[in-house]
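Trainee: coordinates for the following, if possible.
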Amino acid sequence: MTKITIERLKDGRIGSFKISGHAFFSDAGTDIVCAGISAVSIGTVNALEAICRIDSELNTVIDEKKGFLKYQLPIDLNEDNMQKAQLILEAMIVSLQTIAASYGDYVTINE
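Mentor: Next up is the predicted model:
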């Protein structure tokens, strides 16, 4: 099962997210649940890098074999980039919740 953890700051903004484990919906290479989660999460990291100018190498830990991704949003973002980042991260959550709604036996989300 894939476990997704969203960590929010005291003010409600998203500070980090962690995705761990394989869904085991299907065999490796044909698992649409893992593929969807990977596409959404990696797309989010890429969008944060491109739109908010956040260096993903400094903020991301990935272990593909273990099915692990951890992303920590930098705390020193200016307000404009912080607002953009929050919108991107909230959109990621909506996309992951959509996957979880259809494949709840294979993915969980905790905030």
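Trainee: contact partners of the lowest-mean-pLDDT helix or strand in the chain?
Mentor: Lowest by mean pLDDT, DSSP states H and E among the helices and strands of the chain is helix 56-59, with a mean of 86. Residues outside helix 56-59 that contact it (CB atoms under 8 Å, 6 or more residues apart in numbering): 45, 46, 48, 49, 71, 72, 73, 74. For every residue, glycine as well, the C-beta is placed using N, CA and C.
Trainee: in what helix or strand does residue 37 lie?
Mentor: Taking DSSP states H and E as the definition, one finds residue 37 inside helix 32-52.
Trainee: repeat for residue 93
Mentor: Judged by DSSP H and E, residue 93 forms part of helix 79-102.
Trainee: so which bits of that helix are buried?
Mentor: Within helix 79-102, the residues that qualify as buried are 81-82, 84-86, 88-89, 92-93, 95-96, 99-100, counting by 16 or more other CB atoms under 10 Å.
Trainee: and what of stretch 59-73?
Mentor: Neighbour count says stretch 59-73 has 59, 60, 67, 69, 70, 71, 73 buried, by 16+ other CB under 10 Å.
Trainee: for those, which one is nearest residue 31?
Mentor: Checking the buried residues of stretch 59-73 against residue 31 by CB to CB gives residue 67 as the nearest, at 10.0 Å.
Trainee: distance of the closest one relative to residue 25?
Mentor: Between residue 67 and residue 25 the distance is 12 Å, computed by CB to CB, to the nearest Å.
Trainee: overlap in contacts of these two?
Mentor: Contact criterion CB under 8 Å, 6+ apart; residues shared by residue 67 and residue 25: residue 34.
Trainee: now render the contacts of helix 56-59 as JSON lines, adding distance to residue 29.
Mentor: JSON lines is the format used below for these (distance: CB to CB, whole Å):
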{"residue": "45", "distance to residue 29": "22"}
{"residue": "46", "distance to residue 29": "22"}
{"residue": "48", "distance to residue 29": "27"}
{"residue": "49", "distance to residue 29": "27"}
{"residue": "71", "distance to residue 29": "25"}
{"residue": "72", "distance to residue 29": "30"}
{"residue": "73", "distance to residue 29": "31"}
{"residue": "74", "distance to residue 29": "34"}
